[in-house]
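Peer 1: Task: produce atomic coordinates for the following.
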Amino acid sequence: MRKNRYTYLLQGWLNQQLSPAEVDEFLLALQDQEFQNLIGDDMLHSLQSGQFEHFETKEEKAKALALLMSGIHQSQASSPAKVMKLVWLKRLTAAAVLTGLCITGYFIFTKPEKNIPVIVQEKIEYPVTNQAVITLPDGTQLRIDTISTLVTLAQYGIQIERAPGGELLYKSITGNEAVSALPIKIDNPRGSTPLHVQLTDGSHVWLNAQSTITYPVIFAAGKREVNVSGEAYFEVTRDPAKKFIVKTAALTTEVLGTHFDVKAYEDEPTSKVTLLEGSVKVSAAQPAGENIMRPGQQAVVNGQDIAIIPADLQEAMAWKNDLLSFNGAGIRTIMLEISRWYDVDVVYTGNTPDKKFSGYISRQTSLDDLLKIIKQSGFNLRTEGRTIYVLPN
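Peer 2: Below is the predicted model:
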């Protein structure tokens, strides 16, 4: 009789048809050895033989099992009396593995044997905080997330204000020429949200993850110059008397006042400048001529060679619009973006798959969900902790 009741509770849970009282009864039953034995045998048999006909796909089965595990997890947190035994987890998740299901973010096991260590697979979410660090001329470092409202740096003649939306506002409070040329650096690391900065001349900069910008405390007379590694989008305040110059390891971009994006990551073979408004002059680090760009164009720099091509503005600005954009991208290009945004490492085993992927994906997507989408295009990936393994097909 009790076995029939337990079978009813299990089926009701998977169908999401239990009443509140029956849900409590189900969670309490998890402590019973007989119920645990029932799960170990019947759940495994039912999933393998496909008796749960109302689940049409493996994804639906996985969702039901994840819901089941979630309920168990919540019951553990809410009441010590409802703590279940490890054998239950072993048997349930072994059933999931043997039927090809994946429950990311919960406990994963390979065999329902005793004394197997628990492997907790962390569910990696998208970044929600900015972790940038400001390095002052004397080497002092300030974490952006520790600046609540206003920091006055009288020794450098500036104030740094953090606006309610997270934007950093730099303001000059003195004309101290002795310190005006000293450098300030901002590092925005992997796994950090983009940082919006307003420089002392009123220009705005958005700094992508794994990117660095260096600039003087106060722009000197005659020019405004910054150095960038990684990716940054600029909206430059127009000043005919002061050119705005952006330097990277591979190129130099000069403007008077305009909107443009610079992408110059050290781990990518090419650097790019994409122009949205106004005009810019682009030259390679080792000058071999200059190129004047018009809105809607992109300069691609490879060594001393500069090619001016039509720009895909939506793709170039995807990161600033909270999107991951892949347009016929290979796996290495995809993984570069993923490693920067989610702060994960990538290991390639064997030959790299010769496949392409295209699409726009919200950057507010968990890594697990993103990798599922990519796997559907034929890529073979495995995640262990914060490392993604790219496997041969």
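Peer 1: Flag the shaky bits of the stretch 1-150 of the chain, pLDDT-wise.
Peer 2: For the stretch 1-150 of the chain, residues meeting the criterion pLDDT under 70 lie at 1, 13-16, 20-21, 23-24, 27-28, 30-33, 35-122.
Peer 1: Buried residues in the lengthiest strand in the chain, which are they?
Peer 2: Counting residues, the longest strand found in the chain (DSSP state E) is strand 223-235. For strand 223-235, a neighbour-count test (16 or more other CB atoms under 10 Å) marks 224, 225, 226, 228, 229, 230, 231, 232, 233, 234, 235 as buried. From N, CA and C alone the C-beta is placed, and that goes for glycine too.
Peer 1: same check, this time on stretch 341-351
Peer 2: Going by 16+ other CB under 10 Å, stretch 341-351 has these buried residues: 341, 342, 343, 344, 346.
Peer 1: And stretch 365-378, by the same measure?
Peer 2: Within stretch 365-378, judged by 16+ other CB under 10 Å, the buried ones are 365, 367, 368, 370, 371, 374.
Peer 1: and the fourth one, what element?
Peer 2: Here residue 370, judged by DSSP states H and E, is contained in helix 367-375.
Peer 1: What would that helix look like as CSV? C-alpha coordinates only.
Peer 2: Output of helix 367-375 as CSV, limited to C-alpha atoms (Å, rounded to 0.1, in the frame of the first residue of the first chain):
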residue,chain,number,x,y,z
LEU,A,367,26.8,30.1,-19.7
ASP,A,368,25.0,26.7,-19.5
ASP,A,369,22.2,27.9,-21.7
LEU,A,370,24.6,29.6,-24.1
LEU,A,371,26.6,26.5,-24.5
LYS,A,372,23.5,24.4,-25.2
ILE,A,373,22.7,26.7,-28.1
ILE,A,374,26.2,26.4,-29.5
LYS,A,375,26.2,22.6,-29.1
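Peer 1: which other residues reach that helix?
Peer 2: Contact with helix 367-375 is made by 104-105, 123-126, 324, 334, 338, 342, 344, 357, 359, 361, 381, 383, 388, as judged by CB atoms under 8 Å, 6 or more residues apart in numbering.
Peer 1: Inside helices: which ones of those residues?
Peer 2: Judged by DSSP state H, the subset of these located in helices is 334, 338, 342.
Peer 1: tell me the pLDDT at the last one?
Peer 2: On the pLDDT scale, residue 342 is placed at 97.
Peer 1: Look up the closest residue to it, ignoring the ones flanking it.
Peer 2: residue 367 (4.8 Å; CB to CB, 6 or more residues apart in numbering).
Peer 1: Equivalent analysis for the second one, please.
Peer 2: Nearest-residue entry for residue 338: residue 344, 6.7 Å, with adjacent residues in sequence omitted and distances by CB to CB, 6+ apart.
Peer 1: Kindly report the domain assignment for this protein.
Peer 2: 2-120, 133-315, 323-391 (automatic domain parsing).
Peer 1: Okay, now the longest one: how far is its last residue from its first?
Peer 2: The first and last residues of domain 133-315 sit 28 Å apart, counting by CA to CA, to the nearest Å.
Peer 1: Helices along this structure, start to end?
Peer 2: 2-14, 20-29, 33-38, 44-49, 58-78, 86-98, 177-180, 313-316, 331-342, 367-375.
Peer 1: in stretch 381-391, what's buried?
Peer 2: Judged by neighbour count using 16+ other CB under 10 Å, the buried positions of stretch 381-391 are 381, 383, 388, 390.
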